[in-house]
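Novice: Please find the sequence and the predicted model below.
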Amino acid sequence: MRIIIFGGAGFLGKKLALELLRREKISLGGKPAKPITKLLLFDKTKAYGLPPDPRLEILEGDICDPSALQAVLEKPTDAVFHLAAIVSGEAEKDFELGMRVNLHATLNLLELCRTLQQNPVLVFASSCAVFGGELSETIYDSTRPTPQSSYGTQKAMTDLLINDYSRRGFIDGRALRLPTIAIRPGKPNAATSSFVSSIIREPLAGKSANCPVAPETNVWILSPNKVTENFVHALELSSGDLGTNRVINLPGITTSVAEMVHQLGEIAGEEATKLVDWQPDAFIQSIVLTWPPHFVTQRAMDLGFKKDASVAEIIQSHIQEELT
């Protein structure tokens with residue numbers, strides 16, 4: 001079995017790669033499990049920090065280059081994880097770049113799957129940013145997307161393409177709308193939701209962090225561990241279980257940033273909470289405050305997707321995996 005992870009050099013891509021290599025065998029679309037013989041990580045930068053493994057291939061390339069994509073997809077491919085993207089803040093500041101990477105490159109990928117007749121199981125990392133509007137609104141499985149950012153719009157358009165290409169039998173797609181990921185390791189990125197990780201990650205490392213939104217601001221979050229687990233689960237689900245709707249709102253936790261900082265204090269002490277500043281940022285607020293934080297994800301739960309038990313569990317998991 002050959003699996004490709006586009007965006008494989010990112011922290012989620014590498015975490016997913018480690019999990020797939022650990023499992024050795026995997027079921028595709030509900031079929032009997034088969035051994036993973038090749039796992040290709042494709043990204044614009046090389047993926048570092050992975051253990052040597054004869055099944056692992058790391059390739060640098062530009063997802064916006066159709067010839068590079070074709071060279072990768074010409075070989076028989078059973079499954080594709082599409083995690084490559086320009087993050088929300090960057091996509092808002094540079095419209096052309098966001099469209100080129102988040103929409104046009106994805107369309108090229110889907111078209112190559114169609115014309116090369118690969119028909120892979122394809123798991124796409126979508127986003128809850130496809131929703132926007134009143135923060136008091138609760139999002140249900142039937143709620144239609146109303147994105148208020150270019151990033152959310154690009155993700156929403158791709159969700160529709162995943163559905164249609166699956167309907168036509170060109171791919172066996174699954175688009176997972178991810179909550180905000182917390183806690184991301186490493187340095188802050190250009191995502192407008194980056195502060196959700198920073199206000200925990202930096203103080204735990206003895207560094208200051210700024211929260212650009214009000215303490216009472218609610219966010220919808222999911223840990224990297226649960227995201228990885230859900231990616232693999234999506235790959236294994238049968239097409240019959242998914243039906244005609246291949247877009248799934250993943251489960252998560254609704255919490256305020258004040259509660260996150262409070263739990264930080266409970267775990268790491270009051271001195272850690274003093275490292276969090278509260279300076280507003282109008283640009284970040286203009287995007288983040290359009291993302292509804294209240295979701296009812298019954299379909300995802302019925303399909304077997306998982307969420308975290310608590311904010312405290314997420315923080316403790318980060319400490320155990322990244323700081324010990």
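Specialist: Here it is on my side, so go on. Just so you know, these numbers come straight off a predicted model, no measurement behind them.
Novice: F81 should be in a strand, yeah?
Specialist: Yes - F81 sits within a strand when classified using DSSP: H, G, I helix; E, B strand; the rest coil.
Novice: Give me the three-state assignment for the closest residue to it other than its chain neighbours.
Specialist: Closest residue to F81 apart from its sequence neighbours, by C-beta to C-beta, 6 or more residues apart in numbering: I5 at 4.6 Å. (C-beta placed from N, C-alpha, C; glycine too.) With three-state DSSP as the basis, I5 sits in strand.
Novice: I5 contacts F42, correct?
Specialist: Yes - with contact defined as C-beta atoms under 8 Å, I5 and F42 form a contacting pair (7.0 Å).
Novice: Select the helix or strand of the chain having the lowest average pLDDT value.
Specialist: The weakest-scoring helix or strand in the chain, judged by mean pLDDT, DSSP states H and E, is helix 282-288 (a mean of 90).
Novice: Would you mind listing the buried residues in it?
Specialist: Neighbour-count burial for helix 282-288, counted by 16 or more other C-beta atoms under 10 Å, picks out I284, I287, V288.
Novice: residues contacting the last one?
Specialist: By C-beta atoms under 8 Å, 6 or more residues apart in numbering, the contact set of V288 is T192, S193, V213, T217, V219.
Novice: before we move on, back to that, now find how far off-centre the least confident helix or strand of the chain is within its chain.
Specialist: In terms of C-alpha atoms, centre = their mean, to the nearest Å, the centre of helix 282-288 is found 20 Å from the chain centre.
Novice: Please write out the alpha-carbon positions of that helix in CSV.
Specialist: What follows is helix 282-288, C-alpha atoms only, in CSV (Å, rounded to 0.1, in the frame of the first residue of the first chain):
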residue,chain,number,x,y,z
ALA,A,282,-7.8,44.2,15.5
PHE,A,283,-6.7,42.1,12.5
ILE,A,284,-6.8,38.8,14.5
GLN,A,285,-10.1,39.7,16.1
SER,A,286,-11.6,40.5,12.7
ILE,A,287,-11.2,36.9,11.7
VAL,A,288,-11.3,34.8,14.9
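Novice: Following that helix in sequence, what is the next regular element?
Specialist: Moving toward the C-terminus from helix 282-288, the next helix or strand (DSSP states H and E) is strand 294-295.
Novice: was I right about P35 contacting L21?
Specialist: No - P35 is beyond contact range of L21, at 11.3 Å (criterion: C-beta under 8 Å).
Novice: From the neighbour counts alone, determine which of the two ranks first.
Specialist: Taking other C-beta atoms under 10 Å, P35 and L21 do not tie; L21 has more neighbours (15 against 10).
Novice: a markdown table for the buried residues of helix 282-288, including distance to L275?
Specialist: Formatted as a markdown table, the buried residues of helix 282-288 follow (distance: C-beta to C-beta, whole Å):
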| residue | distance to L275 |
| --- | --- |
| I284 | 19 |
| I287 | 25 |
| V288 | 21 |
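Novice: Between the residues you listed, which sits nearest D164?
Specialist: Nearest to D164 among the buried residues of helix 282-288: I287, at 27.6 Å, using C-beta to C-beta.
Novice: how near is that closest one to Q148?
Specialist: 7 Å (C-beta to C-beta, to the nearest Å).
Novice: can you pull up the bridge partners for the residue nearest to F81?
Specialist: L41, F81 (DSSP bridges).
Novice: State the pLDDT value of it.
Specialist: Reading off the confidence values, I5 has pLDDT 98.
Novice: same question, Q279
Specialist: 95.
Novice: what's near enough to touch it?
Specialist: Contacts of Q279 by C-beta under 8 Å, 6+ apart are N210, C211, P212.
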